[in-house]
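Colleague: Quick one, fold the following:
(chains A and B)
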Amino acid sequence: MEKIEEYLYRNAELYPGKRAVVCGSQELTYSQLLKAVESRAKELRGNGEGNGKPCAMRTVQNSGFLTDYFAIHLIDGIAVPLESNIPQERLKEIERLIAETEAPDKCADILFTTGTTGKSKGVMISHQTIIANGENLVQAQGFSEETDFIICGPLNHIGSLSKIYPVLIAGGTLHVTEGLKEPGAFYRALGNAGRHATFLVPSAIRMLLTFSSEELKKHASALDFIETGAAPISQTDMEELCRILPDTRLYNTYASTESGILCTYNFNPTCGGEECIAGCLGRPMKHSGIFITENGTVACSGKTLMLGYAADRAATESIMKEGILYTNDCGRIDGRGRLHLTGRRDDTINVGGLKVSPVEVENAALSHPSVADCICIAEEHPLLGNQLKLLVVPASGEKFDKREIARHLGSRLESYKIPSLYQRVESIKRTYNGKADRKYYRQKS
Amino acid sequence: MKEEIKTLLENALPLINPESDFLFAELDSLGVATILLTLSEKYGIRLDHTDATPRNLKNIEALAALVERKLAEKAAGKEK
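Modeller: The predicted structure follows:
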């Protein structure tokens, strides 16, 4: 198969009456989903989409998003899923960038992620990558036609978007929810018949354990497996999950938008897994390879790697050479071939599984007249692991109004990039060459 | 109490409008969790996932009513 949509056709032929997508009270069988996708493809073609053209789409957590996503691929267009509440200014910037992009023929998606230089980057993903990611997960985590996968995170991010692929390949069911805003909806989904699985970032797991560990325990037998990733999960939370869910496979996965889904590790010893060790991400899956560079960082290879950054050859060449992608993650491989992550080499801050470049936040804040200087740093958060804090030196004669600064940032950046904490300071500590001294603030916190 | 909750919300979630009558619609899952966490710490009450409903998080008045209900349950020894 060359495109994930070919599995949609196969499933519609083999299991036409099987539930493909569940979203609230709405259900679509594989046959109905295919019909909706074909009809939408016709409409989009009529609107001039397709044939290699990138198509920006605001991500809504419903079957309509899936229909659009598959339809764009069907007419050889490029899907560009964006945050549902993306600020207008940011949307224009992305539209300008994709208009300049000369994407290769095999490009299926452009996914936006945070770059280390403070500029968001469009990661070009091929149809082959989509299938390789899906096959990696089917084989390593045991997706099957009985899997009812509950999507709890935004579908424009690789963590949740990448679960569409193994579900389709295995002929399972996708259960799309609006996340854990109303945890009751998540538990209702678990209450339905089926072998349930889900992807939860560590902060979502922390949330469930904090507010509903008894309820989670009640649903233990309904959970076939849970995958986590995108941020480090604490040893305490891993052990708590193993205790509450003794018969559920619990995977910690190493992946990024650029590298695809590389390694996974079942940390639940009572359900076929190995030892419960924080930071252990397991071994590479079938289409992937990893090694540690001389600098101690992780490099990877295989079919799941991106094609490159949209309209940014220099950025692509800075991390990809001869089929190898060099990450900024520091790690080691143990005697049993398992990857252990030990930290990051750059300044990126991970907030609830989403990477934020502090420079991007600072640049946006500096465009407000009341901000003379600032630095964006990480501070501990009980749920997220990290939260963003902006230290601000107010401009002379200007008032320090944190809500005004937050609103200003909100009109320019995606919501997860907006600091929740603000503090007025007299000056920002800088290094001898004038750069913000991030190391000083990291050591201080 | 309403004023106190308003200040708590302003500090914890600088982007939301605490005077909104559509507070729940403005929040994401982390916003909801942050409110539950902030209120349970401030008032020493136990809040769980069943409290995270659109009705309880509709506006400041609804949040104040939730806190008062939980405080009364705690005083009567009926806390979950």
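Colleague: if I look at the closest residue to residue A:107 other than its chain neighbours, how far off is residue A:103?
Modeller: Leaving aside its sequence neighbours, residue A:107 sits nearest to residue A:124 (CB to CB, 6 or more residues apart in numbering or on different chains; 4.9 Å). In this view, the C-beta of every residue, glycine as well, is placed from N, C-alpha and C. Here the criterion is CB to CB, to the nearest Å. By it, residue A:124 lies 6 Å from residue A:103.
Colleague: Give the residues shared as contacts by these two.
Modeller: By CB atoms under 8 Å, 6 or more residues apart in numbering or on different chains, residue A:124 and residue A:103 have these common neighbours: A:110, A:307, A:310.
Colleague: on that earlier part again, which one of residue A:124 and residue A:103 has more residues nearby?
Modeller: Set side by side, residue A:124 and residue A:103 show more neighbours around residue A:124, with 25 against 21, by other CB atoms under 10 Å in any protein chain shown.
Colleague: That one should be in a strand, yeah?
Modeller: Yes: counting by DSSP: H, G, I helix; E, B strand; the rest coil, residue A:124 is part of a strand.
Colleague: That one against residue A:306, yeah?
Modeller: Yes: with contact defined as CB atoms under 8 Å, residue A:124 counts as touching residue A:306 (6.0 Å).
Colleague: Can you mark which positions in stretch A:379-388 are buried?
Modeller: A:379, A:381, A:383-388 (16 or more other CB atoms under 10 Å in any protein chain shown).
Colleague: got it, and stretch A:72-79?
Modeller: Within stretch A:72-79, the residues that count as buried by 16+ other CB under 10 Å are A:72-79.
Colleague: Identify those among the residues you listed that sit within helices.
Modeller: Among those, the members found in helices (DSSP state H) are A:72-74.
Colleague: List the contacts of residue A:333.
Modeller: If a contact means CB under 8 Å, 6+ apart, then residue A:333 has A:290-292, A:339-340 as its contacts.
Colleague: from those, which two are the most distant?
Modeller: The most widely separated members of these are A:291 and A:340, with 13.7 Å between them, by CB to CB.
Colleague: What about the residue positioned nearest the centre of chain B? Give its phi and psi, please.
Modeller: Centroid-nearest residue in chain B: residue B:63, 4.3 Å away (criterion: CA atoms, centre = their mean). The phi and psi values for residue B:63, taken as degrees, to the nearest 10, are phi -70, psi -40.
Colleague: In contact with it, which residues?
Modeller: Contact analysis of residue B:63 by CB under 8 Å, 6+ apart lists B:5, B:23, B:35, B:39, B:56-57.
Colleague: repeat for residue A:155
Modeller: Residue A:155 sits next to A:59, A:61, A:65-66, A:69, A:81, A:161, A:164, A:176 when contact means CB under 8 Å, 6+ apart.
Colleague: Give me the neighbour count for residue 29.
Modeller: Looking at chain A here, since you left the chain open. 18.
Colleague: wait, I meant chain B there
Modeller: Per other CB under 10 Å, the neighbour tally for residue B:29 reads 22.
Colleague: quick one: contacts for it?
Modeller: Residue B:29 touches A:179-181, A:204, A:207, counting by CB under 8 Å, 6+ apart.
Colleague: what about 6 Å?
Modeller: Going by CB atoms under 6 Å, 6 or more residues apart in numbering or on different chains, residue B:29 touches A:179-181.
Colleague: Which ones among those also lie next to chain B?
Modeller: A:179-181 (CB under 6 Å from any CB of the partner chain).
Colleague: among those residues, which ones are buried?
Modeller: A:179-181.
Colleague: Let me know the closest of these to residue B:52.
Modeller: Checking those against residue B:52 by CB to CB gives residue A:181 as the nearest, at 7.3 Å.
Colleague: And that closest one, how close does it get to residue B:34?
Modeller: Distance from residue A:181 to residue B:34, by CB to CB: 12 Å.
Colleague: what about the residue in the stretch 301-445 of chain A positioned nearest to chain B, how many neighbours?
Modeller: Nearest to chain B in the stretch 301-445 of chain A, going by CB to the nearest CB, is residue A:406, at a distance of 3.8 Å. Neighbourhood size, residue A:406 [other CB under 10 Å]: 20.
Colleague: What pLDDT is listed against it?
Modeller: For residue A:406, the pLDDT comes out at 93.
Colleague: what does the helix or strand it falls within rub up against?
Modeller: Residue A:406 is part of helix A:402-410, with elements assigned from DSSP states H and E. Residues from elsewhere that reach helix A:402-410 (CB under 6 Å, 6+ apart): A:364, A:368, A:418, A:422, B:14-15.
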